[in-house]
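this is a predicted model, with the sequence first.
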Amino acid sequence: MSINVTLTPAAKRFMARMVRFSGQGEGAGFRLLVSAGGCSGYNSEFSVEATPKTGDAALDVEGLRLFLPAESRLLLEGVTIDFVDTPTQSGLSFFNPNAAPCACSSSEKATVPGVVKVGLESIKRA
């Protein structure tokens, strides 16, 4: 399975730490579920799983196992995933260079097209 998704070094480090400290054991991976939604372009959830779920593709990104469901693979094509950690925010950030800027009046403020922030508080334990 080939998908054109880029992980920045910061994102890869974050994901690898999550897997390493999860207690899931050898072969565990970072499962990223992404769905379309809102002006930011994406809603996402992530977890660490011992094995991929049915329908997930297991990608090896420089030793990191990344589990992506089919809908996530489609949405993440061409996307760069970063991890942002500043005094005011911490979490995954998605940049899609092909996304159109949001034009709806419900936006609080203009943002870079196709960028969404996902905070650590969105981590769910199974």
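Thanks, I have it.

do a quick rundown of the strands in this protein.
For the chain, strands defined by DSSP state E occupy the ranges 6-7, 29-37, 41-49, 57-61, 64-68, 80-85, 90-95, 116-119.

what does the fourth one rub up against?
Contact with strand 57-61 is made by Met1, Ile3, Leu7, Lys12, Gly29, Pro52, Arg65, Leu66, Phe67, Leu68, Ala70, Arg73, as judged by CB atoms under 8 Å, 6 or more residues apart in numbering. Any C-beta I mention is one placed from the backbone N, CA and C, and that applies to glycine too.

please list only the buried members of those.
Among these, the ones that count as buried by 16 or more other CB atoms under 10 Å are Leu7, Lys12, Gly29, Pro52, Arg65, Leu66, Phe67, Leu68, Arg73.

relative to Pro97, which of those is nearest.
Nearest to Pro97 among the buried ones among the contacts of strand 57-61 is Leu7, at 15.4 Å by CB to CB.

low pLDDT regions in this protein?
1, 38-41, 100-126 (pLDDT under 70).

geometric centre of it: which residue is closest?
Centroid-nearest residue in the chain, with CA atoms, centre = their mean: Leu32, separated by 5.3 Å.

check the offset of the top helix by length along the chain from the chain's centre.
Counting by DSSP state H, the longest helix found in the chain is helix 9-20. Once both centres are worked out by CA atoms, centre = their mean, to the nearest Å, helix 9-20 turns out to sit 11 Å from its chain's centre.
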